[in-house]
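Engineer: Build me a model:
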Amino acid sequence: MIRVKKSNRTFRAHFHEKLEASILSRLLGAVLLFLMVFDAVPVHAVQARIKDLVNIAGVRGNDLVGYGLVVGLNGTGDGLRNSPFTEEAMVNILERLGINVTGEQFRPKNVAAVLVTAVLPPFARNGSQIDVTVSAIGDSKSLLGGTLIMTPLNAADGQIYAVAQGSIIAGGVVAEGDAETTTQGVPTSGGIPSGARIEREIEFSLDQNALLNLALREPDFTTAVRIEKAINQHFGTQLATMTDSGTVQLDAGQSPFPSVAHLLSELENIEVSPAQKARVVVDHRSGTIVLGADVRISRVAVAQGNLTLSVQEEPAVISANPFFPDLDTIIVPRTDAGIVEENNAAGMALIEEAVALEDVIKGLNALGVGARDTIDILKAIKAAGALHAEFVVQ
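Structural biologist: Below you'll find the predicted structure:
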């Protein structure tokens, strides 16, 4: 009996060991599969809709422009002697309204000449309203509180497509005194929300084109291929074909939808992971630095120092001697100039080879310098061939 119990215990222990080994093997396989899948997808991959990546050829807006007058200004209008065109336009408007001001001394200070700009969106219909921007072209100091008089807006073909009118919303203010003037924002430019009404339509039909071109806003071969694959997988047919890095051609004739508009409505919401170029953008004026996620830096050593220039003028005045009336008072120039080089406590810093954006930022922060000095360092690293990205300076 004792031997049987021992053999049962041995059998059970062996069985449990095999079961635990099988479970552990499966768990390890699942973990390895997860790591392989996780490693195949970039951590920074972002899904974007096709409507945010492409423009449809032929579906675009048209620019409109017009010349008009703004009235009702609080003494901040054009000086009519410096802007005679304002006076001429105002006289023409009054004469069309039946008021004869020919030969009169017409010198108002509450009128300003402006240019009105707007964009006629695609498929805009008669009666629809669009936003307009109003900008002074004379010597007006502010358009705040003014009203734009009826202004026709023309396209490049010279035809009138909209008419603008309304109260201007200016984004600035001027505080003026006898000895000083302070300006915040741009008071000579403003906008009128829904300030223009469309009077003429642009005829365009999507259904007349069997082939449509999707133009990428950022041309890239990888992104174009991904868009092609995503469209074809979504519809289950060869509907899209990439022709170059900036164009994906769409065969609307094979669409299962009754119209091209229905097809585009379904297509524009398909999500794609766009490929990004490695790019560094810097702005010297504001000291702004933007690094793309794919920026890479090879191993490089950097030393950074600052030079301080100091120039002081302390002229000396030598008065005339009363015993020598022929001598005049003279000024003797005295200049103290110097150049001081600040010691960099960090010395020469070593930036290791960076394989991720976080590593790049850590390496640059290790130098302990400001944003503007970092811009100069990035430029030097690019010149040394260690910065593997497009460098854009604004």
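
Engineer: Only C-alpha atoms from now on, for both contacts and neighbour counts.
Structural biologist: Noted.

Engineer: Might you list the low-confidence residue ranges for the protein?
Structural biologist: 1-45, 103-107, 172-181, 183-184, 304-313, 317-329, 335-358, 367 (pLDDT under 70).

Engineer: tally of neighbours for His262?
Structural biologist: Using other CA atoms under 10 Å, the number of residues around His262 comes to 12.

Engineer: ok, now the one 5 residues further on?
Structural biologist: When neighbours are defined as other CA under 10 Å, Leu267 has 17 of them.

Engineer: Same check on Thr102?
Structural biologist: Residues lying near Thr102 (other CA under 10 Å) number 10.

Engineer: Which secondary structure state does the nearest residue to it once chain neighbours are set aside sit in?
Structural biologist: Spatially, and ignoring its direct neighbours in sequence, Thr102 is nearest to Val91 (7.6 Å; CA to CA, 6 or more residues apart in numbering). Per DSSP: H, G, I helix; E, B strand; the rest coil, the local secondary structure of Val91 is helix.

Engineer: from memory Val91 sits against Val101, does it?
Structural biologist: Yes - using CA atoms under 8 Å, Val91 is in contact with Val101, at 6.6 Å.

Engineer: So between the two, which is more surrounded?
Structural biologist: Legend: neighbour count by other CA under 10 Å for Val91 and Val101, higher for Val91 (17 against 13).

Engineer: Could you tell me how far that one is located from Gly98?
Structural biologist: 11 Å (CA to CA, to the nearest Å).

Engineer: which residue packs closest to Ile56, ignoring adjacent ones?
Structural biologist: Leu214 (4.9 Å).

Engineer: and that neighbour, what helix or strand is that in?
Structural biologist: strand 211-216 (DSSP states H and E).

Engineer: Can you list the neighbours in contact with the next helix or strand after that strand?
Structural biologist: The helix or strand immediately downstream of strand 211-216 is helix 221-235, counting by DSSP H and E. Helix 221-235 has contacts (CA atoms under 8 Å, 6 or more residues apart in numbering) with 50, 216, 238-242, 244-248, 267, 270-275.

Engineer: 6 Å instead?
Structural biologist: 238-241, 245, 274-275 (CA atoms under 6 Å, 6 or more residues apart in numbering).

Engineer: Name the residues of the strand holding Leu214 that are buried.
Structural biologist: 212-216 (16 or more other CA atoms under 10 Å).

Engineer: Kindly report the same for stretch 366-385.
Structural biologist: In stretch 366-385, counting by 16+ other CA under 10 Å, buried: 367, 369, 371-375, 377-379, 381-382.

Engineer: Pipe the contacts of helix 221-235 into CSV and attach neighbour count, secondary structure and distance to Gln394 per row.
Structural biologist: As requested, the contacts of helix 221-235 are exported to CSV (neighbours: other CA atoms under 10 Å; DSSP: H, G, I helix; E, B strand; the rest coil; distance: CA to CA, whole Å):
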residue, neighbour count, secondary structure, distance to Gln394
Gln238, 15, coil, 42
Leu239, 19, coil, 40
Ala240, 25, strand, 37
Thr241, 19, strand, 36
Ser245, 16, coil, 26
Pro274, 21, coil, 24
Ala275, 17, coil, 23
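
Engineer: Going by distance to Val134, which of these wins?
Structural biologist: Closest approach to Val134 among the contacts of helix 221-235 (CA to CA): Pro274, at 37.1 Å.

Engineer: list the contacts for that closest one?
Structural biologist: Taking CA under 6 Å, 6+ apart as the test, what Pro274 contacts is Thr223.

Engineer: For the closest residue to Ile50 other than its chain neighbours, the count of nearby residues, please.
Structural biologist: Nearest in space to Ile50, with sequence neighbours left out and distances taken as CA to CA, 6+ apart, is Glu268 at 5.0 Å. When neighbours are counted by other CA under 10 Å, Glu268 registers 15.

Engineer: Would you map the strands across the stretch 251-394 of the chain?
Structural biologist: Using DSSP state E, counting those that start in this stretch, the strands of the stretch 251-394 of the chain run over 271-272, 279-283, 288-291, 296-297, 300-303, 306-313, 316-318, 330-332, 335-342, 348-351, 387-388, 390-393.

Engineer: tell me what the last one is packed against?
Structural biologist: What that stands for is strand 390-393. Other elements packing on strand 390-393 under the criterion 3 or more CA pairs under 6 Å, 6 or more residues apart in numbering; DSSP states H and E are strand 279-283.

Engineer: So which bits of the strand it packs on are buried?
Structural biologist: Result for strand 279-283 [16+ other CA under 10 Å]: buried residues 279-280, 282.

Engineer: what's next to it, contact-wise?
Structural biologist: Taking CA under 6 Å, 6+ apart as the rule, strand 279-283 contacts 288-292, 389-394.

Engineer: Farthest-apart pair in these, please.
Structural biologist: Longest span within the contacts of strand 279-283, CA to CA: Thr288 and Ala389, 17.0 Å.
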